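Engineer: Let's see this in three dimensions:
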Amino acid sequence: GRMKRITKDSKIALVELPPTETGGLSLNGRQDHKISHNVYSGFRLPARGLHLLHAILDREGYKNIKLVIPHLYGKGSPNERDVAILRESDIVMASSITATSPQTRQLVDLLYEDDPEKLFLFGGFDPTFRPDFYLNGRHNGLIVRGEGEKTLVETLGRFCNGAQEVGDIPGLMFRDGDEIVTTDARKYLTADELNDLPYPIYPEEIARMIRIGAIETSRGCPNSCEFCGIMQFYGERKYRAKSVEHIMGELESMKDIGKATFYSADNLLAMPKQVEILRRIAESGLQKPGIAQLTAVSSKTPGIIQALRDANIEVLCMGVESFNNESLAFLGKPYSAEQNKEGLGAYMKGGLNNHLMMMPGEDGDTPDSLRYEVEQAKKYGTTAQFFPPGPLPGTPLRERIESSGRLLRPTENERWELYNGHFVLSRPKNFSPLGLQEAINQMHMDFYHEGKDLSGMSKSQQLIYRNVKKGVLKVLESNQMKNHLEFLKSVS
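Structural biologist: Numbers count the residues shown, from 1 in each chain. Take a look at the predicted model:
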């Protein structure tokens with residue numbers, strides 16, 4: 001269709017919608033669709049990619065950029081001011097995950113009805129893997145596939161020059177009649193290019209709402225776990241670490257953001273300079289309480305535990321998945337249960353708190369093995385999440401589940417808002433679907449029901465423990481869970 005003339009003065013809205021229990025869209029602060037909870041919903045984290053894209057567009061000279069991130073203010077649904085920003089914008093850039101895809105699409109349909117000449121850009125994992133869901137064939141819609149930084153700048157630059165033809169720009173997807181056109185793959189950003197990125201921008205009214213700030217220290221992953229889409233998203237296994245200087249500069253730029261810092265998106269400590277980075281954080285005076293993802297085998301790195309403590313990293317997010325070697329092999333994890341226990345024990349002894357990310361319910365699991373998992377989790381973790389294997393779009397796991405006919409709903413009737421980790425969405429081998437969901441809910445209850453003694457924990461550790469526990473319990477008590485249990489009963 002016709003498209004607005006794009007200039008550096010065009011009004012740009014960057015939007016990330018919160019998840020809702022029904023996948024419905026509430027507007028103007030209304031609560032017709034309740035915000036849904038998950039293990040991290042109490043953390044009020046920043047948006048995923050939008051703060052960095054804001055900074056990149058700003059550096060390119062775009063002058064009218066506004067953010068719409070409703071989970072950080074109000075009751076979570078876009079308020080009147082948000083709706084006005086979205087309606088008045090020339091370009092809407094929507095960042096979406098699978099669980100927020102239904103309302104993202106509803107929002108875009110509404111805005112299109114209102115103004116058919118708007119330009120819509122979609123980015124993130126879900127649009128990359130499910131383009132036909134987002135490109136409805138009516139609006140001016142483009143998907144920025146995989147890493148979007150260079151593709152976005154090049155695409156908008158092309159439009160600013162008055163051209164409309166984008167088929168030669170790598171990293172895009174768009175509709176042409178009934179076809180979805182996928183342009184050439186874009187080469188991922190090199191480490192040098194990552195170091196050249198500007199630091200994310202956090203406008204004041206958004207900055208003060210963030211409870212836990214986040215910093216990305218690297219991209220990519222050398223492993224290929226079956227349940228993960230990282231490899232498919234970036235196009236290869238290349239792990240790229242940002243420089244110590246870049247990381248320190250970004251920490252300095254966000255020193256007022258949040259009460260704690262989440263070192264996100266990667267296994268911080270797979271980085272070659274791990275101890276040096278931790279030492280620099282410790283010396284910088286920027287060491288807010290930290291949360292980092294790392295592996296159990298990192299505990300073997302000389303000096304690492306003291307370095308973590310000095311850098312004030314208090315909580316380690318550990319992708320343990322299982323304490324059963326058969327399950328680990330099945331999931332494609334590179335470590336054994338013995339290695340995990342040894343590492344977790346070493347961190348605990350060093351005074352660190354482990355947040356265990358567990359994946360019960362794959363083909364080797366039985367009711368007995370899940371009872372064992374909870375016992376071990378209580379022994380090695382301060383907090384834990386138990387998520388059944390989730391057939392997320394783009395993952396090898398989904399392909400396997402789908403091709404063996406084990407999805408509980410056909411793709412065209414899928415309830416995408418349930419894809420937040422907490423729900424059983426495929427048919428397990430040694431349980432009925434209802435039996436597995438009930439077993440996992442019970443694992444959460446068993447893990448959290450005894451009041452933990454928090455007296456030995458710092459203020460920030462207590463905050464993290466309470467928020468994780470609250471998020472998990474809110475899921476268990478939600479209408480979303482009640483309705484899902486009813487559905488599981490009908491297919492069990």
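
Engineer: which residues of the stretch 1-150 of the chain fall in strands?
Structural biologist: In the stretch 1-150 of the chain, strands defined by DSSP state E, counting those that start in this stretch lie at 11-15, 64-68, 91-95, 119-123, 140-144, listed in chain order.

Engineer: Can I get those strands in TSV including mean neighbour count and distance to Glu321?
Structural biologist: For every residue, glycine as well, the C-beta is placed using N, CA and C. Supplementary listing: those in TSV, determined by neighbours: other C-beta atoms under 10 Å; distance: least, C-beta to C-beta, whole Å:
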stretch	mean neighbour count	distance to Glu321
strand 11-15	23	33
strand 64-68	20	35
strand 91-95	25	27
strand 119-123	24	28
strand 140-144	25	31
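
Engineer: Need the nearest residue in space to Gly303, chain neighbours excluded.
Structural biologist: In space, not counting the residues next to it along the chain, Gly303 is nearest to Val275; the distance is 5.5 Å by C-beta to C-beta, 6 or more residues apart in numbering.

Engineer: how close does that neighbour get to Ser298?
Structural biologist: As for Val275, its distance to Ser298 is 10 Å (criterion: C-beta to C-beta, to the nearest Å).

Engineer: More neighbours: which of those two?
Structural biologist: Relative neighbour count places Ser298 above the other of Val275 and Ser298, with 22 against 18, counting by other C-beta atoms under 10 Å.

Engineer: is it true that Ile305 lies in a strand?
Structural biologist: No. With DSSP: H, G, I helix; E, B strand; the rest coil as the criterion, Ile305 is located in helix rather than a strand.

Engineer: Can you report how many residues lie near it?
Structural biologist: Burial of Ile305 is recorded as 17 neighbouring residues (other C-beta under 10 Å).

Engineer: wait, it sits on Gly343?
Structural biologist: No. With contacts defined as C-beta atoms under 8 Å, Ile305 does not count as touching Gly343, sitting 10.3 Å away.

Engineer: Need the outlier residue of this protein, farthest from its centre.
Structural biologist: Summary for the chain: using C-alpha atoms, centre = their mean, the residue whose C-alpha lies farthest from the chain's mean C-alpha position is Gly162, with a distance of 35.2 Å.

Engineer: How much space separates the residue nearest to it when sequence neighbours are not counted from Ser89?
Structural biologist: Setting aside the residues directly before and after it, Gly162 is nearest to Arg5 in space (C-beta to C-beta, 6+ apart), at 7.6 Å. For Arg5, the distance to Ser89 equals 14 Å [C-beta to C-beta].

Engineer: neighbour count winner among those two?
Structural biologist: For the pair Arg5 and Ser89, the greater number of neighbours falls to Ser89 (24 against 10), based on other C-beta under 10 Å.

Engineer: Excluding chain neighbours, give the residue nearest to that one in space.
Structural biologist: Counting by C-beta to C-beta, 6+ apart, the residue nearest Ser89 is Ala13, at 3.9 Å.

Engineer: rewinding a little: pull up the overlap in contacts between Ile305 and Gly343.
Structural biologist: Ser299 (C-beta atoms under 8 Å, 6 or more residues apart in numbering).

Engineer: tell me what the longest helix along the chain is packed against?
Structural biologist: Determined from DSSP state H, the single longest helix within the chain is helix 459-477. Here helix 459-477 touches strand 260-264, strand 313-321, strand 353-358, strand 383-386, helix 433-449, going by 3 or more C-beta pairs under 8 Å, 6 or more residues apart in numbering; DSSP states H and E.

Engineer: how does it look with 6 Å?
Structural biologist: Contact partners of helix 459-477 among helices and strands, from 3 or more C-beta pairs under 6 Å, 6 or more residues apart in numbering; DSSP states H and E: helix 433-449.

Engineer: and the angle from the helix it packs on to helix 459-477?
Structural biologist: If you take axes from the mean of the first three to the mean of the last three C-alpha atoms, to 10 degrees, helix 433-449 sits at 150 degrees to helix 459-477.

Engineer: tell me the mean pLDDT for helix 433-449?
Structural biologist: Here the mean pLDDT over helix 433-449 is 96, rounded to a whole number.

Engineer: same deal with stretch 474-481?
Structural biologist: 96.

Engineer: And it, what's buried?
Structural biologist: Lys474, Val475, Leu476, Ser478, Gln480, Met481 (16 or more other C-beta atoms under 10 Å).

Engineer: Turn these into JSON lines, including distance to Ala207.
Structural biologist: Compiled in JSON lines, the buried residues of stretch 474-481 are given as follows (distance: C-beta to C-beta, whole Å):
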{"residue": "Lys474", "distance to Ala207": "26"}
{"residue": "Val475", "distance to Ala207": "28"}
{"residue": "Leu476", "distance to Ala207": "32"}
{"residue": "Ser478", "distance to Ala207": "30"}
{"residue": "Gln480", "distance to Ala207": "30"}
{"residue": "Met481", "distance to Ala207": "33"}
